[in-house]
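# okay, here's the prediction I keep looking at, along with the sequence it came from:
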Amino acid sequence: MGEQPQHHDPSHGRDESFVERMDRNWEELLQELRVTQTGTQILTGFLLTLPFQQRFSDLDAYQVRLYLVLVVLASVATVLIVTPVSLHRLLFRRGLKAELVDAAHAFARAGLGALALVLIGAAMLLFDVVVSRPAGWTVAAGLALLVALAWVAVPHLIVRRARG
């Protein structure tokens, strides 16, 4: 993919070449991933230690199944959020920056989706164990609504307002 001519893109307010834009997009994506990777890995590690706690044997069948689903989702989130690093290593110096940015963007979005499910599910499990099953479902519903608003609706509203 050859370098495209330098131009002014009014949607971004920048004078940069295609290659410069791809480099900037990659750096911004990496910064976002740094934030999410740490939290995702800590949450995954925490979930992996739970079976070694004394009270784990007190969980009922529903709670154990929910826990196992959360471990799988946390592992999936970790894999998806770390995949851009692996992609970069495999595609480094091959002139595929645009493809790398597109693929990494898709993996990051999927990883955030999996992370949202882990966050919601972990709170659900905690409230189920500590308070009650209905409390777990109520907290899960509230967090799902919050994620939908903060991670989906608000960005769409910002785009709509910016476009007038």
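Structure's in. What do you need?

# next secondary structure after the longest helix seen in the chain?
Scanning the chain for the helix with the most residues, using DSSP state H, yields helix 97-130. Using DSSP states H and E, the helix or strand that follows helix 97-130 towards the C-terminus is helix 133-147.

# quick one: buried residues of that next one?
The neighbour-count check on helix 133-147 (16 or more other Cβ atoms under 10 Å) flags 136, 139, 140, 143, 144, 147 as buried. The C-beta positions use only the backbone N, C-alpha and C, and glycine is treated the same way.

# so who does the most centrally placed residue in the chain touch?
Geometric centre of the chain, nearest residue: residue 112, 1.8 Å, by Cα atoms, centre = their mean. Going by Cβ atoms under 8 Å, 6 or more residues apart in numbering, residue 112 touches 36, 81, 151.

# from those residues, which is closest to residue 44?
Among the contacts of residue 112, residue 81 lies closest to residue 44 (Cβ to Cβ), at 10.2 Å.

# ok, that closest one touching residue 38?
No: the criterion here is Cβ atoms under 8 Å, and residue 81 misses it with residue 38 at 9.9 Å.

# give me the more crowded residue out of these two.
The residue with more neighbours, out of residue 81 and residue 38, is residue 81; 25 against 11, by other Cβ atoms under 10 Å.

# show me where pLDDT drops low in this protein?
Along the chain, the model assigns pLDDT under 70 to residues 1-13.

# possible to save the buried residues of helix 133-147 as JSON lines with distance to residue 158?
Shown next, in JSON lines, are these (distance: Cβ to Cβ, whole Å):
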{"residue": "136", "distance to residue 158": "32"}
{"residue": "139", "distance to residue 158": "27"}
{"residue": "140", "distance to residue 158": "26"}
{"residue": "143", "distance to residue 158": "22"}
{"residue": "144", "distance to residue 158": "21"}
{"residue": "147", "distance to residue 158": "16"}
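
# of those residues, which pair is most distant in space?
Within those, two members stand farthest from each other by Cβ to Cβ: 136 and 147, at 16.2 Å.

# quick one: distance of the helix or strand hosting residue 72 to the chain centre.
Using DSSP H and E, residue 72 sits in helix 61-91. How far helix 61-91 lies from its chain's middle: 10 Å, per Cα atoms, centre = their mean, to the nearest Å.

# show me what it is packed against.
Helices and strands touching helix 61-91, by 3 or more Cβ pairs under 8 Å, 6 or more residues apart in numbering; DSSP states H and E, are helix 18-49, helix 97-130.

# sweet, I'm off.
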